[in-house]
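[1] Fold the following, please.
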Amino acid sequence: MESLREKTANGLFWGGLSNGAQQLLNLVFGIFLARLLSTEDYGMVGMLTIFSLIASSLQEGGFISALNRKREVSHADYNAVFWTCSLFSLAIYLTLFFCAPLIADFYDEPRLVPLARYIFLGFFITSLGIAPRALLFRNLQVRQSSIVAFVSLLLSGLVGVVMAANGFAYWGIATQTLIYVSLFTGMNFYYAQWHPTLPIDFRPIRQMIGFSSKLIITNIVIIINTNVFSVILGRLYSPHVVGNYTQANKWNYMGWSLINNMLQGISQPVFAKTDQDRERQRNIFRKLLRFTAFVSFPLMLGLGFVAREFIVILLGEKWLESAQLLQWLCVMGAFYPISNLFSNLIIGRGHSGTYMWCNIALCLAQLAAVVFSARYGMGVMIQVYVAITIGWILVWHYFAYREINLHLWDVIRDVSPYLAITLVLVLGGHLLAAGITNIYLSFVVKVLFVGVSYCLLLWVFRSTIFRESIDYFVHKRGFVSDQS
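    Modelled structure (predicted):
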């Protein structure tokens, strides 16, 4: 048990450090690329995003979670997953290659034909690394996974900036993606110390397909949830509008994925390893829930608070239209890691069917709301989308209550202090900076006021999560215990 606590604490530490460093790199590269490229360049790539992501979900097949759920895993299991994902991904890529003209016709943009065929290579390359990535994930080797992601992002980002600076436009973004997935795949093999073998035995796939197939469907549903605006906007509006949404959504994703990826690396394995002890699992879940709220609310609501200053200072006035979109998306982003923590609990408990149907219902509700609200403008459409996403946490809670007897009042009690403090500080920062006309000074005042005041208030109120986080950094003591 002590080993599990240490792995969880170290996983959170390395996950946070890695994702923080990655987001810093994304920030730097994003600034350079946004200043070098146009909204149309981002719009060209944004139109293809949903196709790449759906294809990637099909080639992953939910096998990482399926391997994580198995009590005992052998080389034959990983080998079967490698060959299944690789061969299936090759077939999907060839299908998309020949369907590229249809995609271009849908958007009425002939330049998408060669770009699509180039970008779609990325998901096939990614499929080659699924088996070694599953091995690292199952064994909670977060430090190794963090190094892989950081190095891949650093080198690919440099290539993307250099290409953009030399006039390659959206081809620079596409090449950046391909180099990232190539490095990511190769380094996963290096750290996992695993390689595929012949002959191929597909029998282990039959044991996992019942669980993993539901995750495939769910991943596609989640992708539709996340990227439905890119498709609708691409159909109804110009690449300029799509580019503004893509830019806003990119910064929102960078924010909430920092928290989500930090938890993703440890939550499913920890829940899977403790699913025989409901009380201990409930205590661990509540501890992770408080930690998520402690980090997510100030980070995401704070980003929404300074969205205008952030966009203008870092990207320039030409991206100002994306600032208001970013504000609303950040409200959703503040709650998204909490929603994902609930869903990871359901997967960790082995209920991929519940996970699938819950996400399908969410997708249908959001699609219906988007179609209905589209007539009232893009702003209203996004607000409705955000409201439904946040409200769906109640549905996730219902299933969590059935699994580990987690009461709604306990959830409210765990997250509300951090939400209340953040909202009060955002309001105070708004009043404090109301008379400041210099955009740089306004940004600094808002960030310092909210950040410093948040830490001081948590110290004064003797927040356990805050003090334990500091204690871990100072003494490297285990963060997640089996006590609430």
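
[2] Now do Gly379, the pLDDT please.
    Gly379 is assigned a pLDDT of 76 by the prediction.

[3] Which residue, neighbours along the chain excluded, lies closest to it?
    Computed as C-beta to C-beta, 6 or more residues apart in numbering, the closest residue to Gly379 that is not its neighbour in sequence is Gln324, at 7.2 Å. Every C-beta, even on glycine, is put in place using the N, C-alpha and C of the backbone.

[4] any idea how far Met378 is from that neighbour?
    10 Å (C-beta to C-beta, to the nearest Å).

[5] Pull up the overlap in contacts between the two.
    Shared contacts of Gln324 and Met378, defined by C-beta atoms under 8 Å, 6 or more residues apart in numbering, are absent.

[6] The residue nearest to Gly379: what secondary structure?
    The three-state label given to Gln324 by DSSP: H, G, I helix; E, B strand; the rest coil is helix.

[7] quick one: the residue lying closest to Phe82 once chain neighbours are set aside and Arg143, what's the gap?
    Nearest residue to Phe82, sequence neighbours excluded (C-beta to C-beta, 6+ apart): Ala131, at 4.0 Å. Separation of Ala131 from Arg143 (C-beta to C-beta): 20 Å.

[8] between the two, who's got more neighbours?
    A count of neighbours by other C-beta atoms under 10 Å puts Ala131 above the other of Ala131 and Arg143, at 28 against 18.

[9] Export the host helix or strand of that one to PDB, keeping only CA atoms.
    Here Ala131 sits within helix 130-138, counting by DSSP states H and E. Extracted in PDB, the C-alpha atoms of helix 130-138 (Å, rounded to 0.1, in the frame of the first residue of the first chain):
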ATOM      1  CA  ILE A 130       0.200   2.000 -28.300                       C
ATOM      2  CA  ALA A 131       1.500  -1.200 -26.800                       C
ATOM      3  CA  PRO A 132       4.600   0.300 -25.200                       C
ATOM      4  CA  ARG A 133       2.600   3.300 -24.000                       C
ATOM      5  CA  ALA A 134       0.100   0.900 -22.300                       C
ATOM      6  CA  LEU A 135       3.000  -0.800 -20.500                       C
ATOM      7  CA  LEU A 136       4.300   2.500 -19.100                       C
ATOM      8  CA  PHE A 137       0.700   3.500 -18.200                       C
ATOM      9  CA  ARG A 138      -0.100   0.300 -16.400                       C
END
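
[10] Look at Val386 and say how many residues are nearby.
    Neighbours around Val386, by other C-beta under 10 Å: 18.

[11] quick one: secondary structure of it?
    helix.

[12] The nearest residue to it once chain neighbours are set aside: which element?
    Nearest residue to Val386, sequence neighbours excluded (C-beta to C-beta, 6+ apart): Met332, at 4.2 Å. If you go by DSSP H and E, Met332 is part of helix 321-348.

[13] Can you name the next helix or strand after that helix?
    Using DSSP H and E, the first helix or strand after helix 321-348 is helix 352-373.

[14] which of the residues in that next one are buried?
    352-359, 362-363, 365-366, 369-370, 373 (16 or more other C-beta atoms under 10 Å).

[15] Which other helices and strands does it contact?
    Applying 3 or more C-beta pairs under 8 Å, 6 or more residues apart in numbering; DSSP states H and E, we find helix 352-373 packed against helix 203-236, helix 321-348, helix 378-391, helix 393-404.
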